[in-house]
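[1] Show me the folded form of this:
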Amino acid sequence: MLRISVIGTGYLGATHAAGMAELGFEVLGVDNNPAKAAALSMGTVPFHEPGLPELLAGHVAGGRLRFGTSLVEAAEFADVHFLCVGTPPGVNGAADLSQLYSALDGLVPHLTRNCLIVGKSTVPVGTAEALTARIAELAPEGISVDLAWNPEFLREGHAVYDTLHPNRLVFGVTTPDAEWALRQVYATPIAAGSPVVITNMPTAELIKVSANAFLATKISFINAMAELCDLTGADVTLLADALGHDDRIGRKFLGAGLGYGGGCLPKDVRALIARATELGAGESVEFLRDIDAINVRRRERVVAETLALLGGGRRPSGRVGILGAAFKPLSDDVRDSPALDVARRLHAAGVDVTVFDPAATIPARNVAPELVFAATAAAALHEADVVLHLTEWREFRELDPVFLRTVARGRVIIDARNTLDPEPWLAAGWDFRAMGRLVEPRTAAGRMGAPAVTQHPAPAVVARELATPSPLTRLRARVRRTA
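    Take a look at the predicted model:
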């Protein structure tokens, strides 16, 4: 059986290494960070991903998976080498490929037999061609090295499932041997029905960034519609439901709210713009700049509304309790997190901010040490004048609004993710505000003697009762009498 090395053991690499072990291969993970390699060698995953700690620890204990820091050892060990190193944004959003070249420089000169190197990192189109030339320069005489590109499509929070049951496999290859080797690696999911797309290298490189740019476009589109809904009294959730029934559009990624974040969509959109500009095709992706701008504007809107609730002006006063720091639930990833960005903007404006997140407190504190982090949701909302729901964790949908009335000082919550049920909040006496979503106001007292709630009406549409029956009402009455 083929033996596999995984070079780079961050989020992608650690997950891929454990997944390859689960598929039956002997795997060596390599990282240039000794502390990270040591932690993984003890079965400890240094980030939050459901299911991964158990999978990784099991295969480490069983001996099928191990970790180290030596590329020389990897060169001697494996038949297939997966490159899973980071390609962070550099100047003008372009991807920084230095880790890729460093990995090749440390690996290829020490190869002892013919092998396949597989890129999984997200890269600008044209990277594989340059890496192929670099491999040819470095490979020992008599050693044949193929390069392939196999982009990843992992969803944070579902990465283990996506590794073992991919919804598609893309193989960018130049030789039949490279395709054969990849089919051996992924034989189990292929047999289970995962479709395989065989492409050339440039297509494989473009697929990942194109997919993320398209998803970002859907998110920003529905958020642009949410802005129109706020101005007209329409409801963006019903709008999205109706659009989603069209199978050419689909409902996924049409959740209006605070916008996208994380380590993929923002980075890949900007990297695609940068690469297209380098190739002289910047005008063809100019719309992506607007997509990015719409996304940032969602954060600005929440900040502006919060400051207005606190009195506005140059020195707003008050306390804000924030639910969420990660860019999405089931993750502790705070890279380009909209939630953390909003918290930091409010803090910079002089607001007293306290944040709670079920998983992301430590990484969030490392990025934003100026913020105060609480151990529970109730502690974050203590004496808060305004509550912001910024990451759609399930735990936040299960909070008790009646109890939280006794904790918070104010009665205003902004559901910036449009995932909370407004009814229990309204019933408990909260002023519930959403993003492009029509929330019916309560004019009667809520439970437990709560004061009446005044929900701000849609600017252009005010609900009213008909003073006289409509023609349709009279028609229905006549039909009932003659039935």
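[2] Look at Ala416 and report its pLDDT.
    Confidence at Ala416, expressed as pLDDT, is 97.
[3] what about stretch 57-75, average pLDDT?
    Rounded mean pLDDT across stretch 57-75 is 97.
[4] Report the buried residues of stretch 408-419.
    Ala408, Gly410, Arg411, Val412, Ile413, Ile414, Asp415, Ala416, Arg417, Asn418, Thr419 (16 or more other Cβ atoms under 10 Å). Quick note: C-beta positions are derived from backbone N, CA and C, even for glycine.
[5] Considering those residues, which is situated nearest to Lys208?
    Distance ranking of the buried residues of stretch 408-419 against Lys208, using Cβ to Cβ, places Arg417 first at 25.8 Å.
[6] confidence score at the nearest residue to Tyr260 once chain neighbours are set aside?
    If the residues on either side of it in the chain are set aside, Tyr260 comes closest to Ile219, at 4.9 Å by Cβ to Cβ, 6 or more residues apart in numbering. Note for Ile219: predicted pLDDT of 97.
[7] Only the buried residues of the helix or strand harbouring Ile219, if you could.
    Using DSSP states H and E, Ile219 maps to helix 201-232. By 16+ other Cβ under 10 Å, the buried positions in helix 201-232 come out as 201, 204-209, 211-213, 215-227, 229-230.
[8] Tell me which other helices or strands it touches.
    Counting contacts by 3 or more Cβ pairs under 8 Å, 6 or more residues apart in numbering; DSSP states H and E, helix 201-232 packs against helix 127-138, strand 145-149, strand 169-172, helix 236-244, helix 265-278, helix 287-309.
[9] Make TSV from these and add mean neighbour count to it.
    Listed next are the helices and strands packed on helix 201-232 as TSV, based on neighbours: other Cβ atoms under 10 Å:
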stretch	mean neighbour count
helix 127-138	16
strand 145-149	24
strand 169-172	22
helix 236-244	17
helix 265-278	21
helix 287-309	18
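[10] Mean pLDDT and distance to Gly43 added to those, as a markdown table?
    Converted to a markdown table, these look like this (pLDDT from 0 to 100; distance: least, Cβ to Cβ, whole Å):
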| stretch | mean pLDDT | distance to Gly43 |
| --- | --- | --- |
| helix 127-138 | 97 | 33 |
| strand 145-149 | 98 | 30 |
| strand 169-172 | 98 | 28 |
| helix 236-244 | 97 | 41 |
| helix 265-278 | 95 | 30 |
| helix 287-309 | 96 | 37 |
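[11] I'd like the ones you listed as CSV, with distance to Gly157 appended.
    Shown next, in CSV, are the helices and strands packed on helix 201-232 (distance: least, Cβ to Cβ, whole Å):
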stretch, distance to Gly157
helix 127-138, 28
strand 145-149, 25
strand 169-172, 21
helix 236-244, 21
helix 265-278, 15
helix 287-309, 20
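[12] Of all those, which one is nearest Val351?
    Val351 sits nearest to helix 287-309 of all the helices and strands packed on helix 201-232, at 7.4 Å, using Cβ to Cβ.
[13] how big is the angle separating that closest one from helix 201-232?
    Angle between the axes of helix 287-309 and helix 201-232 is 40 degrees (criterion: axes from the mean of the first three to the mean of the last three Cα atoms, to 10 degrees).
[14] can you start the count at 57 instead of 1 from here on
    Yes, from this point I'll number from 57; that puts the last item at helix 343-365.
[15] Let me know the pLDDT of the residue nearest the centre of the chain.
    Computing the C-alpha centroid of the chain and ranking residues by Cα atoms, centre = their mean puts Gly318 first, at 4.6 Å. As predicted, Gly318 sits at a pLDDT of 94.
[16] and the gap between it and Gly75?
    20 Å (Cβ to Cβ, to the nearest Å).
[17] now Arg331
    Counting by Cβ to Cβ, the gap from Arg331 to Gly75 is 29 Å.
[18] now the helices for the stretch 307-456 of the chain?
    Secondary structure of the stretch 307-456 of the chain by DSSP state H, counting those that start in this stretch: the helices cover 321-334, 343-365, 394-404, 417-423, 433-436, 450-453.
[19] Give me the nearest residue to Arg391, chain neighbours excluded.
    Leaving aside its sequence neighbours, Arg391 sits nearest to Gly319 (Cβ to Cβ, 6+ apart; 4.2 Å).
[20] where does that neighbour fall, phi/psi-wise?
    When quoted as degrees, to the nearest 10, the phi and psi of Gly319 stand at phi -90, psi 0.
[21] mind checking how far His166 is from Thr100?
    Counting by Cβ to Cβ - His166 and Thr100 are separated by 29 Å.
[22] same deal with Arg371?
    Computed as Cβ to Cβ, the Arg371 to Thr100 distance reads 45 Å.
[23] Counting neighbours, what do you get for Ser340?
    Residues lying near Ser340 (other Cβ atoms under 10 Å) number 11.
[24] what sits against the closest residue to it other than its chain neighbours?
    Nearest non-adjacent residue to Ser340, counting by Cβ to Cβ, 6+ apart: Ala332, 6.3 Å away. By Cβ atoms under 8 Å, 6 or more residues apart in numbering, the contact set of Ala332 is Gly338, Ser340, Val341.
[25] which of these lies closest to Lys323?
    Of all the contacts of Ala332, Lys323 sits closest to Val341, with 14.9 Å by Cβ to Cβ.
[26] Apart from its chain neighbours, what residue comes closest to that closest one?
    Val341's closest residue in space is Ala332 (Cβ to Cβ, 6+ apart), at 4.5 Å.
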